[in-house]
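**Q** sequence first, then the predicted structure, then my questions.
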Amino acid sequence: MILLHTPLFWAALTIASFIVGQQLYLRCGKPVFLPPILTSIVLMAICLEGTGTGYQTYMEGGRYLHDLLGPVIVMLAVPLYQQLHAMRAHWKRIALAISLGSGTTILCAWALSQWWLGDSLISTTLLTKSITTPVAVAVTSQLGGDPALASAFVIVTGILGAVMIVPILSLMGINQPHTQGLTLGICGHAIGTGRALELGPEASAYAAMAMTLTATLHALVIPLIAG
Amino acid sequence: MHGLLILLVFLLAGTWLQSFLGLPIPAAITGMLLLLAFLIFRGSIPESLQAITRTLSPWLPMFLVPVSVGIITHKQLLLDHGPLLLLILTISLIPGILVCGWIMGKEDASR
């Protein structure tokens, strides 16, 4: 079929699948395990497998969207700027939590994968698991990891974080919104920040700030250490 | 459109600076930091940039779908190691959460 080889068709289908994902997410009451991007990826994977279309053929159209990632990443400076004021009060503690908290989780993932799998592509890619997806994709390409795997790790981490963080913190006797928000942003990036929105404005401001600062820190430090 | 132009100019500046200095940091991140520095220096966000951020933000994850669909080229890897990778991702989160909770929680207990 000629349509399957038309790049514009795949670009349009990608947008349509994301809209389906958004609608599904809204209709189901915004469950953390069903972010629109996940639905969209699964739908597109099914379409490609079903029609026997290769990833390279798909990417001729996917590229239209993919090439806009650069400007979209630059745009993240705007929310980061808006949230800088939220951290003035306890910036030392926040800086410590962001660097040690996110450092612990990626070191742990790296060590476990080296130990159990011994595959350097997977270990390298896992280093970017706490970075919000657009930045993780950029950093992992720089490191020689795999962008598609990075995206999968980041999305799964975000969903796990959104589910696990609040219960684990309350087991520690911690129920303050700013700690919940900060931890969600550090360990669960954008999906965790989505979860923090449900916990109120203080939690979401802290989560958004923690997410952007973690991404910035990791984007700067990981290439220097691993590269 | 002014907003988009601002983003492209900073991306271009980031790309240029990255290759000029040979930085190991991705060009888009360099561009983001340059834009952040510009915003801090300016002390406010230009209206056009504000507008494009509002429009594009809900759609941000959509731009990641094409690269993420690349996971279909890793079917074998997921079949071989999928459950183990899930376990690694789950276990590795726990110490991170404990460290964050511990650092931020100390102050909560004292107030």
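**A** Done, it's in.

**Q** for the spatially most central residue of chain B, helix, strand, or coil?
**A** Closest to where the C-alpha atoms of chain B average out (CA atoms, centre = their mean) is residue B:29, at 8.1 Å. Assigned by DSSP: H, G, I helix; E, B strand; the rest coil, the conformation of residue B:29 is helix.

**Q** please report the distance of it from chain A.
**A** Distance of residue B:29 to chain A, given as CB to the nearest CB, to the nearest Å: 4 Å. C-beta: built from backbone N, CA, C; applies to glycine.

**Q** domains of the chain?
**A** I'll assume chain A. Using automatic domain parsing, the domains assigned to chain A come out as A:2-67, A:77-226.

**Q** try chain B instead
**A** Split by automatic domain parsing, chain B gives B:1-63, B:78-111.

**Q** circling back to that earlier point, find the helix or strand that the closest residue to the residue nearest to the centre of chain B other than its chain neighbours is a member of.
**A** Spatial nearest neighbour of residue B:29, chain neighbours left out: residue A:219 (4.4 Å); criterion: CB to CB, 6 or more residues apart in numbering or on different chains. According to DSSP states H and E, residue A:219 maps onto helix A:201-226.

**Q** buried residues in that helix?
**A** A:203-220, A:222-223, A:226 (16 or more other CB atoms under 10 Å in any protein chain shown).

**Q** excluding chain neighbours, what is closest to residue 105?
**A** Answering for chain A, as no chain was given. Using CB to CB, 6+ apart, the closest residue to residue A:105 is residue B:96 (3.0 Å).

**Q** that was the other one, I meant chain B.
**A** Going by CB to CB, 6+ apart, residue B:105 has residue A:174 as its nearest residue, at 4.5 Å.

**Q** using a markdown table, lay out the domains of chain B together with mean pLDDT.
**A** A markdown table is the format used below for the domains of chain B (pLDDT from 0 to 100):
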| stretch | mean pLDDT |
| --- | --- |
| domain B:1-63 | 87 |
| domain B:78-111 | 79 |
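
**Q** looking at those, which is closest to residue A:185?
**A** domain B:78-111 (9.4 Å; CB to CB).

**Q** and the angle from the helix or strand containing residue A:159 to helix A:201-226?
**A** Assessed by DSSP H and E, residue A:159 sits inside helix A:147-171. Relative orientation of helix A:147-171 versus helix A:201-226 (axes from the mean of the first three to the mean of the last three CA atoms, to 10 degrees): 130 degrees.

**Q** so which bits of helix A:147-171 are buried?
**A** For helix A:147-171, by 16+ other CB under 10 Å, it's A:147-166, A:168-169.

**Q** which other helices and strands contact that helix?
**A** helix A:36-51, helix A:120-126, helix A:133-143, helix A:177-197, helix B:65-69, helix B:75-110 (3 or more CB pairs under 8 Å, 6 or more residues apart in numbering or on different chains; DSSP states H and E).

**Q** make TSV from those helices and add distance to residue B:8 to it.
**A** Listed next are the helices and strands packed on helix A:147-171 as TSV, based on distance: least, CB to CB, whole Å:
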stretch	distance to residue B:8
helix A:36-51	24
helix A:120-126	29
helix A:133-143	16
helix A:177-197	23
helix B:65-69	20
helix B:75-110	35
